[in-house]
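Asker: I would like the atomic coordinates for the input below:
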Amino acid sequence: MSGHDPVRLNAVGAVSGAGVDVPALMQDLGRKAREASRRIALASPEQKNAALQAMAAHIRTRADAILAANEEDLAEAGAKGQAASFIDRLTLNPQRLEDIAQAIESIAALPDPVGRVLARFERPNGLVIERVATPLGVIGVIFESRPNVTADAGALCLKAGNAAILRAGSESFRTSSAIAEAMGEGLKEAGLPADAIRLVPTRDRAAVGAMLSGLSGNIDVIVPRGGKSLVARVQDEARVPVFAHLEGLCHVFVHEGADLDMAKRIVLNAKMRRTGVCGSAETLLVDSAIAETHLKPLVVQLLDAGCAVRGDAATLAADPRVTPASEEDWRTEYLDAIISCRVVEGLDGALAHIETYSSHHTDSIVTDDPLAAERFLTQVDSAIVLHNASTQFADGGEFGFGAEIGIATGRMHARGPVGVEQLTSFKYRVRGAGQIRS
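Answerer: Down below sits the predicted model:
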């Protein structure tokens, strides 16, 4: 970089050498991403798809190096005493790496979102107006321990015609760097600029602040994926728009019309399939009308599966292993094998609880009563609301989006899983025949 000491990269793309000027490094990254975004915005669907296919291929051919980098990250995380749920989010194995490659290929198979005509109408004066999908530009993604986000975010941004600047957490830095390097090779193989997907090559926390500043106008939107403290900081400090959810405080409500066997399957999966994902259920609500028949089987099943249950008085009476729930428990995203449980007075009680404590991420009702289900789906103000299905379906891949860059719980532009369509904006194209305005 002009006027500064040369920046040297090690085998996985990390900045080495003392005295690196992080602000200058980040400004350079932003400028190059902006330049790359102009080329990506004009790339054909075929060229973008070729790059995505090449990325998946390079991830497979570099599997040994990526998994070796992951072993180093895991060893460091273990030495720091990180929680088991954190380690699970960080861990890659051959199957998980293959899943990453397949996710990239599934994104390549999606319809191209750029250039879609979203609306077309003709005015009385003869002007023909079209609203057409366009890329957002440069997307900054700040994430913590999940190395798969590197691939998901980079691939989704590319498919939607955007460039991406990715800032991995220090815990997944080696793994994410190795994945990003493979993706850069895929871009070059397809004749596209490698600067279109770049991982910030330093663990220095100053890089986050630089991204939140917008890099002199070179970042158009920020997407944070991580814990509550990270997302809160991004929302507080960002000087560019943010797609984010603060936390996934998800509920399952077992209504009086619920089939017990179905409820047991859904509740166990919603909590225990993967406890560290944002779609994991954190609170179980049971209708008082069926508490006598449904509460104990649901609670015992969770306890026997290794899940700690914190409950109200009725739940405490169901099993001696239950511990008392505090007011704070109803507001806690555990991301662990812990769930809070409460008996509520019917659908009204469930709706009131969810309105008070929900983070507006994902909430589910289990019932065979269609009227109760429709009322729940209509009145619960969350990004994802389900009927007779596990909250673990809060995932872009499960929605057919190929993958997701995150789950947005705000109400502007994007809400729910943020896939390729949500990573576009639009412009108006107006065609005339010499019209002038009177």
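
Asker: List the buried residues in the longest helix along the chain.
Answerer: Longest helix in the chain, counting residues (DSSP state H): helix 22-42. For helix 22-42, the neighbour count (16 or more other CB atoms under 10 Å) marks 22, 24-30, 32-34, 36-37, 39-41 as buried. Placement of C-beta: from N, CA and C, glycine included.

Asker: can you give me the helices in the stretch 251-400 of the chain?
Answerer: 260-272, 296-304, 313-318, 346-357, 370-379 (DSSP state H, counting those that start in this stretch).

Asker: Show me the contact partners of the third one.
Answerer: In other words, helix 313-318. With CB atoms under 8 Å, 6 or more residues apart in numbering as the test, helix 313-318 has contacts from 288, 291, 295-296, 299-300, 309, 311, 322-325, 341-343.

Asker: Serialize the helices of the stretch 251-400 of the chain to JSON lines and add fields for mean neighbour count, distance to residue 391 and mean pLDDT.
Answerer: Shown next, in JSON lines, are the helices of the stretch 251-400 of the chain (neighbours: other CB atoms under 10 Å; distance: least, CB to CB, whole Å; pLDDT from 0 to 100):
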{"stretch": "helix 260-272", "mean neighbour count": "20", "distance to residue 391": "4", "mean pLDDT": "98"}
{"stretch": "helix 296-304", "mean neighbour count": "19", "distance to residue 391": "14", "mean pLDDT": "98"}
{"stretch": "helix 313-318", "mean neighbour count": "18", "distance to residue 391": "19", "mean pLDDT": "97"}
{"stretch": "helix 346-357", "mean neighbour count": "17", "distance to residue 391": "12", "mean pLDDT": "98"}
{"stretch": "helix 370-379", "mean neighbour count": "15", "distance to residue 391": "13", "mean pLDDT": "97"}
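
Asker: Next, format those helices as a markdown table and append distance to residue 336.
Answerer: A markdown table is the format used below for the helices of the stretch 251-400 of the chain (distance: least, CB to CB, whole Å):
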| stretch | distance to residue 336 |
| --- | --- |
| helix 260-272 | 10 |
| helix 296-304 | 13 |
| helix 313-318 | 18 |
| helix 346-357 | 18 |
| helix 370-379 | 27 |
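
Asker: where does residue 410 land in three-state SS?
Answerer: What DSSP: H, G, I helix; E, B strand; the rest coil gives for residue 410 is coil.

Asker: Look up how far residue 144 lies from it.
Answerer: Between residue 410 and residue 144 the distance is 20 Å, computed by CB to CB, to the nearest Å.

Asker: roughly how far apart are residue 330 and residue 344?
Answerer: Residue 330 is 11 Å from residue 344, where distance means CB to CB.

Asker: of those two, who's got more company?
Answerer: residue 344 (22 against 19; other CB atoms under 10 Å).

Asker: thought that one was touching residue 289?
Answerer: No - counting by CB atoms under 8 Å, residue 289 is not a contact partner of residue 344; they are 10.1 Å apart.

Asker: Can you list the low-confidence ranges for the stretch 301-438 of the chain?
Answerer: Within the stretch 301-438 of the chain, no stretch falls below the threshold (pLDDT under 70).

Asker: try 90
Answerer: In the predicted model of the stretch 301-438 of the chain, residues 335, 396-397, 399-419, 436 satisfy pLDDT under 90.

Asker: Also the stretch 1-150 of the chain?
Answerer: Using pLDDT under 90, the stretch 1-150 of the chain drops low at 1-20, 83-86, 88-89, 144-146.

Asker: sorry, back to before: overlap in contacts, residue 330 and residue 344.
Answerer: With CB under 8 Å, 6+ apart as the test, residue 330 and residue 344 both reach residue 353.

Asker: before we move on, back to that, any idea how far the longest helix of the chain is from the middle of the chain?
Answerer: 23 Å (CA atoms, centre = their mean, to the nearest Å).

Asker: Which strands or helices does it pack on?
Answerer: strand 128-135, strand 138-143, strand 163-167, strand 197-199, helix 206-212 (3 or more CB pairs under 8 Å, 6 or more residues apart in numbering; DSSP states H and E).

Asker: any idea which helix or strand carries residue 183?
Answerer: Using DSSP states H and E, residue 183 sits within helix 173-189.

Asker: Which segments of this structure make up each domain?
Answerer: Using automatic domain parsing, the domain parsing of the chain gives 9-244+415-428, 250-395.

Asker: out of those domains, nearest to residue 402?
Answerer: domain 9-244+415-428 (3.8 Å; CB to CB).

Asker: As CSV, could you dump the C-alpha coordinates of the helix holding residue 183?
Answerer: C-alpha atoms of helix 173-189 as CSV (Å, rounded to 0.1, in the frame of the first residue of the first chain):
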residue,chain,number,x,y,z
PHE,A,173,-9.7,-17.1,11.7
ARG,A,174,-7.5,-19.9,10.3
THR,A,175,-10.4,-21.9,9.0
SER,A,176,-12.2,-19.0,7.5
SER,A,177,-9.0,-17.8,5.8
ALA,A,178,-8.4,-21.1,4.2
ILE,A,179,-12.0,-21.3,2.9
ALA,A,180,-11.8,-17.7,1.6
GLU,A,181,-8.5,-18.5,-0.2
ALA,A,182,-10.2,-21.4,-2.0
MET,A,183,-13.1,-19.1,-3.0
GLY,A,184,-10.7,-16.5,-4.4
GLU,A,185,-9.2,-19.2,-6.6
GLY,A,186,-12.6,-20.1,-7.8
LEU,A,187,-13.3,-16.4,-8.8
LYS,A,188,-10.0,-16.2,-10.6
GLU,A,189,-10.6,-19.4,-12.5
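
Asker: What is it packed up against?
Answerer: When contacts are defined as 3+ CB pairs under 8 Å, 6+ apart, helix 173-189 packs onto helix 45-61, helix 63-79, helix 148-159, strand 197-199.

Asker: tell me the angle the first one makes with helix 63-79.
Answerer: Compare the direction of helix 45-61 with that of helix 63-79 by axes from the mean of the first three to the mean of the last three CA atoms, to 10 degrees and you get 70 degrees.

Asker: ok, now the third one?
Answerer: Using the same axes, to 10 degrees, the direction of helix 148-159 lies 130 degrees away from that of helix 63-79.

Asker: Grab the nearest non-local neighbour of residue 143.
Answerer: Spatially, and ignoring its direct neighbours in sequence, residue 143 is nearest to residue 225 (4.0 Å; CB to CB, 6 or more residues apart in numbering).

Asker: Just give me the neighbour total for the one you found.
Answerer: Using other CB under 10 Å, residue 225 has 26 neighbouring residues.

Asker: try residue 188
Answerer: 14.
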